[in-house]
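1. following is a predicted model, sequence given first.
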Amino acid sequence: DPRGQSRAARGKLKVNFAETEAAVKRFGVGESGKEVVWLKGLFRDSLPLQPFSNGLAIIRLDGDLYESTHSAITLLWPKLSPGGYVIVDDYGTWKGCRTAIDEFRNQDSVRDCVSPLKRTDLTSTGFDGRADAMLMQSEAKH
């Protein structure tokens with residue numbers, strides 16, 4: 001399909017919760033139960049339920065496919081602190097992921113608020129929310 005979401009690809013991307021939790025704990029994160037809040041479910045269902053009241057300094061997306069990447073960036077972008085940074089895993093690997101980010105960045109309400117893409121490793125890219133433009137946009141809404 002044009003957004004890079006085949007049924008076969010979706011099946012290959014599944015990781016069970018126990019594997020994910022074990023991987024995070026290997027780094028000593030979440031052992032106190034305070035550093036990590038596990039959100040189970042699809043991004044489009046679980047992210048709207050979280051207040052993220054202090055704003056987010058970093059958003060790291062690993063949705064791989066169009067729908068998951070699009071849902072995550074759309075729901076989390078308004079929570080990004082001015083000058084915060086977005087890292088997108090697999091931007092250079094998965095067509096659906098790349099399409100979702102490119103479409104998002106080209107929206108009129110976003111285009112002036114993002115820096116150019118910066119490659120972070122072989123498959124990932126990132127960009128920051130330009131603090132000046134984000135603050136002006138936020139002030140204009142109020």
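-> It's in. Residues are numbered from 1 along each chain as shown.

2. can you list the low-confidence ranges for the protein?
-> Along the chain, segments meeting pLDDT under 70 span 1-14, 30-35, 131-139, 141-142.

3. 50 instead, please
-> 1-2 (pLDDT under 50).

4. give me the number of residues near G55?
-> 11 (other C-beta atoms under 10 Å). For the C-beta atoms, the positions are set from N, CA and C on the backbone; glycine is no exception.

5. buried residues in the stretch of helix or strand P82 belongs to?
-> Counting by DSSP states H and E, the element that carries P82 is strand 80-88. Within strand 80-88, the residues that count as buried by 16 or more other C-beta atoms under 10 Å are L80, P82, G84, Y85, V86, I87, V88.

6. and the closest residue to the fourth one other than its chain neighbours, what does it touch?
-> Beyond its immediate neighbours in the sequence, the residue positioned closest to Y85 (C-beta to C-beta, 6 or more residues apart in numbering) is D128, lying 4.8 Å away. Residues in contact with D128, defined by C-beta atoms under 8 Å, 6 or more residues apart in numbering, are G83, G84, Y85, V86, V114, S115.

7. please repeat the previous calculation with a cut-off of 10 Å.
-> Contacts here follow C-beta atoms under 10 Å, 6 or more residues apart in numbering; on that basis D128 touches 58, 80, 82-86, 113-116, 118, 134.

8. on that earlier part again, make a markdown table out of the buried residues of strand 80-88 and add distance to A140.
-> What follows is these, written out as a markdown table (distance: C-beta to C-beta, whole Å):
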| residue | distance to A140 |
| --- | --- |
| L80 | 17 |
| P82 | 14 |
| G84 | 19 |
| Y85 | 23 |
| V86 | 22 |
| I87 | 27 |
| V88 | 27 |
